[in-house]
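Structure here, sequence nowhere to be found:
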């Protein structure tokens, strides 16, 4: 049995506890491999402080036999040109990013897989300021360092599981997505794993200090490292794990009101209750962040999204039918009805009937619903439906709540907590009740 030094969030007292950590060894700091992109050719700029000019390398798959490693110089970095971020989401764009550690190029057919090998603690310095602004409060930076470290180690311990589960039967398709189970690297650098944008985002000493002061700390529950999830805005109530991913209830990822007092969660599984709640604006940590809090927590491209707590989108019935066909490959004709058949505890729809003029189908879970009804992704699947008119010209309006899946830590809510004086331990206790802080390595 391995001994962990465990800190109970509720009592904030250190104690010893037994816990299994899969293949990870106490006392060692893991090095991980991060997949940056897969492209036919790549441009790398090697910056060496000992050399006046940078070396620019333009490489294609034909230039690499099987594998090539380029190490960043001491005190320098390697810039990778035109890395795509936000793939498939409404903020998708390209930027040049700088990295420490090694850049590996693997040949895969006519493409190059660009990989960054880096110490997990240095990786986290980028993650917590890529997922949000590096100017966030000290409490939020520390909390995010812990959950990002926990999520990663939990995923490494679960390697080999399928990243996409699809269940089809007549008239129904259920899909849930998890982290891509990559075979050439540990995690990708984009939203489907954790945002990692190298030292491009590591812009101040507070980020470095937050990672350093929580070095090796992870959340654990019942002898396992927590699968610590997070999203931008829960919309007032956090969601249960099983309503977004595999049917595996996790007690530390339960639905709870995002409020200072432990209020009872309204029964948002019922459509009428969900309608009243979504179309209102109940108070919550994430309901009314100040402009200063948003500027401190959100990176510039995320701040373009301003209506995340409550939002509205509208489509013509024929346009939505065409969009649904484009996104799913299924032709239903113009859309006549969107009927929620099952909602999670936060009001997020888990099963949705989509009825068209030619056919109908039931889809789920939440991310499949979000991607099927938007050119990129709906902010969340917590929405109500209003239809004005009949036929292909009818207007279909979705009134929604929250931004993201809503499971675990709500970044906007946690930012408000941090700015209001809550400690990082209190933030973690609020979003991951019953979990423990555990020192995995030093």
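On my side now, so go ahead. Nothing here was measured: the structure is a model prediction, and the numbers come from that model.

per-residue confidence for the closest residue to residue 353 other than its chain neighbours?
On the basis of C-beta to C-beta, 6 or more residues apart in numbering, the spatially nearest residue to residue 353 that is not a chain neighbour turns out to be residue 339, at 4.3 Å. (Glycine included, C-beta is placed from N, CA and C.) Predicted confidence (pLDDT) for residue 339: 98.

Could you pull up the contacting residues of residue 339?
For residue 339, the contact set (C-beta atoms under 8 Å, 6 or more residues apart in numbering) comprises 352, 353, 355, 385.

Strands - which of those land there?
When strands are assigned by DSSP state E, the members of these inside them are 352, 353, 355, 385.

Of those, keep whichever come out buried.
The neighbour-count test (16 or more other C-beta atoms under 10 Å) marks 352, 355, 385 as buried among these.

From the residues you listed, pick the one nearest residue 281.
residue 385 (18.8 Å; C-beta to C-beta).

And the residue nearest to that closest one when sequence neighbours are not counted, how far from residue 166?
Nearest-residue entry for residue 385: residue 338, 4.6 Å, with adjacent residues in sequence omitted and distances by C-beta to C-beta, 6+ apart. With distances taken as C-beta to C-beta, to the nearest Å, residue 338 is found 21 Å from residue 166.

quick revisit: next, the buried residues of the helix or strand harbouring the residue nearest to residue 385.
Remark: residue 338 resides in strand 335-343, with elements defined by DSSP states H and E. By neighbour count with 16+ other C-beta under 10 Å, strand 335-343 contains the buried residues 335, 336, 338, 340, 343.

isn't the last one right next to residue 271, touching?
In this case it means residue 343. Yes - the pair formed by residue 343 and residue 271 meets the contact definition of C-beta atoms under 8 Å, at 7.0 Å.

What's the end-to-end length of stretch 117-137?
With C-alpha to C-alpha, to the nearest Å as the measure, the first residue of stretch 117-137 is 29 Å from its last.

same deal with stretch 194-208?
One end of stretch 194-208 to the other measures 18 Å (C-alpha to C-alpha).

can you list the residues that contact it?
Taking C-beta under 8 Å, 6+ apart as the criterion, the residues outside stretch 194-208 that touch it are 34, 77, 80, 83, 85, 95-100, 116, 123, 125-131, 134-135, 138, 141, 148, 151-152, 187, 189, 299.

Keep only those of those that are in strands.
Members of the contacts of stretch 194-208 lying in strands (criterion: DSSP E): 34, 77, 80, 83, 85, 95, 96, 97, 98, 99, 116, 187.

ranking the residues you listed by neighbours, who comes first?
Tallying neighbours with other C-beta atoms under 10 Å puts residue 99 at the head of those, with 27 neighbours.

tell me how far the ends of stretch 100-117 are from each other?
Using C-alpha to C-alpha, the gap from the first to the last residue of stretch 100-117 comes to 9 Å.
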